[in-house]
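Undergrad: Next come a sequence and a model predicted from it.
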Amino acid sequence: MLRKLLCLIFFTLVSGCGGSGGDTTASPVVVTPPVVVEPVDNSLTDVVIPSGFDWSMNDEVSINFKVVSTITMIDQSGAGIGGKHFIKVTAIDQNSEQVGTTLLKALTSRTGQLESTLKFPNEWSGIKVEAKVDGVVCTETFLKNVLLGDLEIKCPVEVNAEEG
């Protein structure tokens, strides 16, 4: 009985995998060659770094903010506005939009000046400075390439001759 069952299974399998039913042409077999990937040299031996290259991602600049009048002039320059004035400095992007938090909040000296060192990321385009003088808010925008030395915040405030 077992022998008959095994024979039946064997013949069923062989007949099921039999001929092609009339078409005797074989379809061609396409063999694709294996893709060879060359190793990549990830070393930095060919990179030349100039001497003095600054790897930092921040700029640090020393600035002297000066609050000056656009009304009172001395030798064709705005007269300094003496007194303690509130200064606020924020960073701006290429669209002159504020970026991040406020960089500096401080009061000027009695001469209307404020010396400070600012540090901000290289991708920022500049700063916006607001000075509050006698209830008037004066705003100046400075691009990064001029952030050095004295920066004047111009205000339409008249200075009396003894102050300037």
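TA: Great, that's in hand. Numbering: from 1, shown residues only.

Undergrad: where are the low-confidence patches of this structure?
TA: Per-residue confidence for the chain (pLDDT under 70) gives these ranges: 1-2, 5-8, 10-27, 161-164.

Undergrad: which residues in it form strands?
TA: For the chain, strands defined by DSSP state E occupy the ranges 58-74, 77-80, 86-92, 98-107, 113-121, 126-133, 136-143, 149-155.

Undergrad: which residues does the spatially most central residue of the chain contact?
TA: Centroid-nearest residue in the chain, with CA atoms, centre = their mean: E123, separated by 4.1 Å. Applying CB atoms under 8 Å, 6 or more residues apart in numbering to E123 gives the contacts D93. (C-beta placed from N, C-alpha, C; glycine too.)

Undergrad: ok, back up a step: could I get the strands of the chain in CSV, plus columns for distance to P33 and mean neighbour count?
TA: CSV is the format used below for the strands of the chain (distance: least, CB to CB, whole Å; neighbours: other CB atoms under 10 Å):
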stretch, distance to P33, mean neighbour count
strand 58-74, 53, 17
strand 77-80, 78, 18
strand 86-92, 57, 19
strand 98-107, 54, 13
strand 113-121, 51, 15
strand 126-133, 58, 20
strand 136-143, 58, 14
strand 149-155, 67, 17
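
Undergrad: Relative to V29, which of the ones you listed is closest?
TA: For V29, the closest of those is strand 113-121, at 60.6 Å, according to CB to CB.

Undergrad: what's the closest one packed up against?
TA: Strand 113-121 sits against strand 58-74, strand 86-92, strand 98-107, with contacts defined as 3 or more CB pairs under 8 Å, 6 or more residues apart in numbering; DSSP states H and E.

Undergrad: now do 6 Å
TA: On a contact count with 3 or more CB pairs under 6 Å, 6 or more residues apart in numbering; DSSP states H and E, strand 113-121 meets strand 58-74, strand 98-107.

Undergrad: what's the distance between that strand and the middle of its chain?
TA: Put simply, strand 113-121 sits 20 Å off its chain's centre (CA atoms, centre = their mean, to the nearest Å).

Undergrad: Let me know the angle separating that strand from strand 58-74.
TA: 150 degrees (axes from the mean of the first three to the mean of the last three CA atoms, to 10 degrees).

Undergrad: Any chance you could list what contacts strand 113-121?
TA: With CB atoms under 6 Å, 6 or more residues apart in numbering as the test, strand 113-121 has contacts from 58, 60-66, 87, 91, 103-104, 106, 108.

Undergrad: Alright, I will stop here.
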